[in-house]
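Peer 1: Make a model of this:
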Amino acid sequence: MRLTAWPRANTEVERLTIRYQGTADEIDPTTLRLRIERLLEVEDLQPAGLPSGAILIVRKLEGRSPLPIAALARSSLPAWREGVRGQVQASYAAAACPSNGPISSGAASVLFSDAGELLTCLTRDLLAGEARQRWYWQPLLRGIPHPAGAALASLWSNQASALPTVLAALTISEATSAITKLSPGEVLSVARALHASFDLPSQALAALQNMLPDAHRAPQPPRIVPSASAGAYEPVSAPLVGESFLPDEQRERSIHPATVQPPWQRWLANAPTASLSPQAHYLLGLSLSLCHTPAFARSTAFAQRTVSWLHALTASLELPDTTTSTNQVRGIPEGKREGHRYPETAGGEAPTARTRAEVTPPESRTDTLRDTPGIELPPGIRTDEYERLPHHDTAGGDTPSAPALTEAAPAESEANLHRGISKGDRTARSYPETAGDSRPLPSDGLPTRLGGILYLLHLLTWLNLPAGWDDEGAFAEGMSGWAIVEAFARGLSGAWLTSYADDPIWQLLAMLDGRQPGEPLGAGLRRQTAFRLPTQWLLHFAPAAPNWLAITDDARLRIIDADGAYLVVDVPLSGQTPEEAVFLEVEAYRSRGIDVQWRYSRPGETDKPAPLSPLTSIILASMSERAAWWLERVLGFVRYFMARRLGDPVFDGGQLAPALFERPGRLIAGRTHIDLYMDMDQISLPIRRAGFDRDPSWMPDLGRIVLFHFD
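Peer 2: Below is the predicted model of the structure:
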């Protein structure tokens, strides 16, 4: 048996022995073999109740009844089939679980809940030097190199999708011990497989590869960067980190300048990582990030912060700067950095004349910065360059405040500054000293009356959430896909939610989100003061020529789609007149291809729709204030989008939640798989036509395979 990919819904036979008691005249060996193969192919030997991600390894099965030659010509043999199935079922019931501790050498079968658990146990046995002595590892280790490091590199590369759960399940000392057994080239090989499985940006991987000597480097395809022409991308051959490499003595140790921390530092803050090379440190940190916050780990911001950290490691060697500007990633020409910024994604408030006028020339503040206590500039950054970096007052005022550069994140981007998202303004969260969450998931299954809530997972794909909400990764860092699904489910349910407040699915969603008991949803979300619907949502799912209504008061501007009754823009005026604010917002969307017709409404008009979606007290109690702020603004469009996609009157208005969510079933949750089992009578034609009950399958932003079963 070879573990090559998951999910694995098939049965594999490692060795088949046939004892034939007839004569050669009755049947030739080739015909006998083909008939036996066909017999095994048409029989389903999966034991009843085996979850889709589970792996059962049975040592030996025997066909107890002789098979007449004539019977082999038939496609099915009920008596033989039931006998073998009975053996498989008994093996499943009596299977030992290596994840619970050492098992007897005489165990006839072993069971793993998923590929991640199997690979975790195999990794531990390889580190202990015991893997080759255990019978159930023999099929998986056939053809795998004998040295532990080479074996781990091969297994981890083949099962890269499960690697984050493996390293998170190990203790920090086990994880670091395992990674240090890999050569630099093997570490890069595993990292490349991880990038391919999760479709990660390539900047950090290219930088790491260029830090290795030529002997360990693999051929690198041309790097694609945005060109100055709108929407065009051009290949360039220049490497991200020049042609100089760290000497051997520096590659063998980890350098962590206090001024720049990697984006995964929260999970390795207390870890002994001094023995790790930059490549090994990256592999461990990236894997833990993909386990805890996969959407953020897949963002361009994560890659940029990683490259900034690598630049700090190589700054003493005067290597070229490896960071990529936000404008380069968006494809905005460097010469057009100032001026109006279009909201291609949800963020990006247009800079005002007042904002530009209040910026003090950098040369006039050089001495003040150098004399400011607690401010230490990163290597290679001059004072005047630091002054040009955007800063934001966490209190939301107009006076800039200099952030301490010892935090894990680099300086705030212009996009976050305009949205009012502050790096320092987030609720503090505690993280376990070990890599993973020790709370077990209910792998034996949970009954739920609200199985249809998982249908909302498709919204993450259709609306490109959380990654598509902003271009800096701030939203993905604070709101996982599981948190977004729970927030949408609660918001769409409204008062109807009261009848199902104790359903186990809420507990499961919180555990999948990584929240501790009592922790509100979205506790790590950064504060936002500006809201805009992403342009792509409006281009793909809204009317081609929308009719917008602008509403202002003394402090804010709100733009509402008058036909769909959903909020499009909610931003502070920030010293602009209402006319200026409306003009900038509408023209920004028009420049992106939205043919907007709008009219200006002053307070007191009676025909304006409600700008926000009110949340009940039970909903507000389940989430942070920042998550509620976002939800009550985005919920109108989500409700509009779902009603249009479902296209059936039964889902209109307040009936959407009960008609969609009320699907009794059983949930089985593991570290790599989520399975929802429902009866056939839960199938709904409008839901099926809209694609909501289609298997989401592998979802990189969740790090899991999600399957719906109708039995």
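Peer 1: what about Asn49, helix or strand, and which?
Peer 2: Residue 49: Gly, not Asn. Here Gly49, judged by DSSP states H and E, is contained in no helix and no strand.
Peer 1: my read: it touches Tyr92, true?
Peer 2: Yes: in this structure, Gly49 is within contact of Tyr92 by C-beta atoms under 8 Å, at 7.5 Å. Quick note: C-beta positions are derived from backbone N, CA and C, even for glycine.
Peer 1: These two: who's more crowded?
Peer 2: When neighbours are counted by other C-beta atoms under 10 Å, Gly49 and Tyr92 differ, and Tyr92 comes out ahead with 18 against 11.
Peer 1: For the residue lying closest to that one once chain neighbours are set aside, give me its contacts.
Peer 2: Nearest residue to Tyr92, sequence neighbours excluded (C-beta to C-beta, 6 or more residues apart in numbering): Pro47, at 3.9 Å. Applying C-beta atoms under 8 Å, 6 or more residues apart in numbering to Pro47 gives the contacts Leu56, Arg85, Val88, Gln89, Ser91, Tyr92.
Peer 1: Identify the farthest-apart pair in those residues.
Peer 2: Leu56 and Arg85 (12.9 Å; C-beta to C-beta).
Peer 1: and Thr180, how many residues sit next to it?
Peer 2: Residues lying near Thr180 (other C-beta under 10 Å) number 14.
Peer 1: Tell me how far it lies from Ala148.
Peer 2: To Ala148, Thr180 is 11 Å away according to C-beta to C-beta, to the nearest Å.
Peer 1: One more: Asp695?
Peer 2: Using C-beta to C-beta, Asp695 is found at 37 Å from Ala148.
Peer 1: Looking at those two, which is more packed in?
Peer 2: Between Asp695 and Ala148, Ala148 has the larger neighbour count (other C-beta under 10 Å), namely 19 against 11.
Peer 1: Check whether that one really touches Leu126, as I assumed.
Peer 2: Yes: Ala148 lies in contact with Leu126 (C-beta under 8 Å); the separation is 4.9 Å.
Peer 1: what's the domain layout of the chain?
Peer 2: 1-143, 144-330, 446-522+624-710, 531-601 (automatic domain parsing).
Peer 1: pLDDT of the first one, averaged?
Peer 2: In this case it means domain 1-143. Taken as a whole, domain 1-143 has a mean pLDDT of 79.
Peer 1: who touches the closest residue to Arg85 other than its chain neighbours in this structure?
Peer 2: Excluding the flanking residues, the one nearest Arg85 by C-beta to C-beta, 6+ apart is Leu45, at 6.5 Å. Counting by C-beta under 8 Å, 6+ apart, Leu45 touches Thr11, Val84, Arg85, Val88.
Peer 1: and Leu45, how far is that from Gln89?
Peer 2: Taken as C-beta to C-beta, the span from Leu45 to Gln89 is 10 Å.
Peer 1: Residues in contact with the helix or strand hosting Ala153: which ones?
Peer 2: Element membership of Ala153 [criterion: DSSP H and E] is helix 148-158. Applying C-beta under 8 Å, 6+ apart, the set of residues contacting helix 148-158 from outside is 3-5, 119, 122-123, 126-127, 129, 131, 140-141, 144-145, 163, 166, 178, 181-183, 186-187, 189-190, 192-193.
Peer 1: switch the cut-off to 7 Å
Peer 2: Contact partners of helix 148-158, identified using C-beta atoms under 7 Å, 6 or more residues apart in numbering, comprise 3-4, 119, 122-123, 126-127, 144-145, 163, 178, 181-183, 186, 189-190, 193.
Peer 1: do the same with stretch 490-498
Peer 2: Contacts for stretch 490-498 (C-beta under 7 Å, 6+ apart): 613, 615-616, 618-619, 622, 631, 635, 639, 654, 656-658, 661.
Peer 1: Please apply the same query to stretch 561-580.
Peer 2: 349, 352, 354, 529-533, 542-543, 546-549, 552, 555-560, 581, 585, 609, 611-612, 633, 636-637, 640.
Peer 1: Which of those residues fall in helices?
Peer 2: Judged by DSSP state H, helices contain the following of the contacts of stretch 561-580: Arg354, Ala581, Glu585, Arg633, Gly636, Phe637, Tyr640.
Peer 1: Correct me if wrong: Leu631 contacts Ala489.
Peer 2: No: under the criterion of C-beta atoms under 7 Å, Leu631 makes no contact with Ala489, lying 10.8 Å away.
Peer 1: so where's this protein uncertain?
Peer 2: For the chain, the stretches flagged by pLDDT under 70 are 1-10, 16, 22-26, 41-44, 63-77, 213-259, 315-444, 602-610, 653.
Peer 1: What are the boundaries of the strands in it?
Peer 2: 55-58, 109-112, 223-226, 233-236, 446-448, 531-532, 547-552, 556-561, 566-572, 597-601, 665-669, 673-678, 697-699, 704-710 (DSSP state E).
Peer 1: and the ones you listed as JSON lines, adding distance to Pro504 and mean neighbour count?
Peer 2: Listed next are the strands of the chain as JSON lines, based on distance: least, C-beta to C-beta, whole Å; neighbours: other C-beta atoms under 10 Å:
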{"stretch": "strand 55-58", "distance to Pro504": "26", "mean neighbour count": "20"}
{"stretch": "strand 109-112", "distance to Pro504": "24", "mean neighbour count": "22"}
{"stretch": "strand 223-226", "distance to Pro504": "45", "mean neighbour count": "15"}
{"stretch": "strand 233-236", "distance to Pro504": "47", "mean neighbour count": "11"}
{"stretch": "strand 446-448", "distance to Pro504": "4", "mean neighbour count": "18"}
{"stretch": "strand 531-532", "distance to Pro504": "33", "mean neighbour count": "24"}
{"stretch": "strand 547-552", "distance to Pro504": "42", "mean neighbour count": "20"}
{"stretch": "strand 556-561", "distance to Pro504": "37", "mean neighbour count": "22"}
{"stretch": "strand 566-572", "distance to Pro504": "32", "mean neighbour count": "23"}
{"stretch": "strand 597-601", "distance to Pro504": "46", "mean neighbour count": "14"}
{"stretch": "strand 665-669", "distance to Pro504": "8", "mean neighbour count": "21"}
{"stretch": "strand 673-678", "distance to Pro504": "13", "mean neighbour count": "22"}
{"stretch": "strand 697-699", "distance to Pro504": "21", "mean neighbour count": "15"}
{"stretch": "strand 704-710", "distance to Pro504": "17", "mean neighbour count": "20"}
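Peer 1: of those, which approaches Ser197 most closely?
Peer 2: Per C-beta to C-beta, nearest to Ser197 of the strands of the chain: strand 697-699, 8.8 Å.
Peer 1: partner strands of that closest one, parallel or antiparallel?
Peer 2: The strands beside strand 697-699 in its sheet (DSSP bridges) come out as strand 704-710 (antiparallel).
Peer 1: and the angle for the strand it pairs with with strand 673-678?
Peer 2: 20 degrees (axes from the mean of the first three to the mean of the last three C-alpha atoms, to 10 degrees).
Peer 1: Let's see stretch 633-646 as CSV, backbone CA atoms only.
Peer 2: Output of stretch 633-646 as CSV, limited to C-alpha atoms (Å, rounded to 0.1, in the frame of the first residue of the first chain):
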residue,chain,number,x,y,z
ARG,A,633,-22.6,46.2,7.2
VAL,A,634,-21.8,43.2,4.9
LEU,A,635,-24.8,41.1,5.8
GLY,A,636,-27.2,43.0,3.5
PHE,A,637,-25.2,42.1,0.4
VAL,A,638,-24.8,38.5,1.6
ARG,A,639,-28.5,38.2,2.0
TYR,A,640,-29.1,39.7,-1.4
PHE,A,641,-26.5,37.4,-3.1
MET,A,642,-27.9,34.3,-1.6
ALA,A,643,-31.5,35.1,-2.4
ARG,A,644,-30.6,35.7,-6.0
ARG,A,645,-28.5,32.6,-6.3
LEU,A,646,-31.2,30.4,-4.8
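Peer 1: Return the residues in contact with Ala483.
Peer 2: Asp513, Leu521, Gly522.
Peer 1: Name all residues that make contact with the first one.
Peer 2: Read it as Asp513. Ser480, Trp482, Ala483.
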